[in-house]
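[1] one predicted model, sequence on top.
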Amino acid sequence: MKKQPCEKDLFDIEIAKETEDPIVLTVRTFLFTKMVKEILHKQLCRLEENENLVQRSSYYSWLRRIMNVISKDLYEIKRYLKTEGVQVSEEPVEVTRSYLNWLYWHKGRMAYTGGTPSRLKQCLKERLGHYTQLEREISKGG
């Protein structure tokens, strides 16, 4: 079985070519990036509960740097969506064991985007990998 050709959206997420709408791609990128930030924020809060660990932890420093990069990206994504007149639901509007769906509005129309939990988990891992690589490049000065 052939792997479906992929393309990268505005924020470097690989998306199957079946979806070519830049708004859909950006909404998905926004959702994945936001979820990665929430996951990392929980990790950061756990570390901050232990002052001794925070002062010496290279992992804590890495988390702070990567959260900064993610925050800047989220700002740019939100700004782009706002200029395009897109609003995205804060929480999934449909959650089942086999699917999660978010609602978004664009030019007076409503649409859904989402995926299976396993596909979303894979996308989150890919997004975190993207930010890990990006943070390494920034740290090296490149």
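    Happy to help now that I have it. Residues are numbered from 1 along each chain as shown.

[2] distance of the residue nearest the centre of the chain relative to residue 51?
    Centroid-nearest residue in the chain: residue 33, 1.4 Å away (criterion: CA atoms, centre = their mean). For residue 33, the distance to residue 51 equals 30 Å [CB to CB, to the nearest Å]. In short, each C-beta sits where N, CA and C put it, glycine included.

[3] just residue 68 next, same as before
    Relative to residue 51, and taking CB to CB, residue 68 is found at 21 Å.

[4] so which of the two has more stuff around it?
    residue 68 (12 against 8; other CB atoms under 10 Å).

[5] in what element of secondary structure is residue 80 found?
    Per DSSP states H and E, residue 80 falls inside helix 58-83.

[6] now for that helix, which elements pack on it?
    helix 22-48, helix 117-139 (3 or more CB pairs under 8 Å, 6 or more residues apart in numbering; DSSP states H and E).

[7] okay, these in a markdown table with mean pLDDT and distance to residue 59 next?
    Shown next, in a markdown table, are these (pLDDT from 0 to 100; distance: least, CB to CB, whole Å):
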| stretch | mean pLDDT | distance to residue 59 |
| --- | --- | --- |
| helix 22-48 | 92 | 7 |
| helix 117-139 | 92 | 12 |
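
[8] TSV for those, including distance to residue 89?
    Output for these, formatted as TSV (distance: least, CB to CB, whole Å):
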stretch	distance to residue 89
helix 22-48	9
helix 117-139	15
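
[9] deepest-packed of those, please.
    Mean neighbour count, computed with mean count of other CB atoms under 10 Å, is highest for helix 22-48 among these, reaching a mean of 17.

[10] now do the helix or strand just after the helix holding residue 80: distance to the chain's middle.
    Using DSSP H and E, the helix or strand that follows helix 58-83 in sequence is strand 86-88. Computed by CA atoms, centre = their mean, to the nearest Å, the chain-centroid distance of strand 86-88 equals 15 Å.

[11] now do the helix holding residue 80, average pLDDT.
    Helix 58-83 comes out with an average pLDDT of 94.

[12] if I look at the residue located most distally from the centre of the chain, how far off is residue 61?
    Most distant from the centre of the chain: residue 52, at 30.5 Å, with distances by CA atoms, centre = their mean. Separation of residue 52 from residue 61 (CB to CB) stands at 15 Å.
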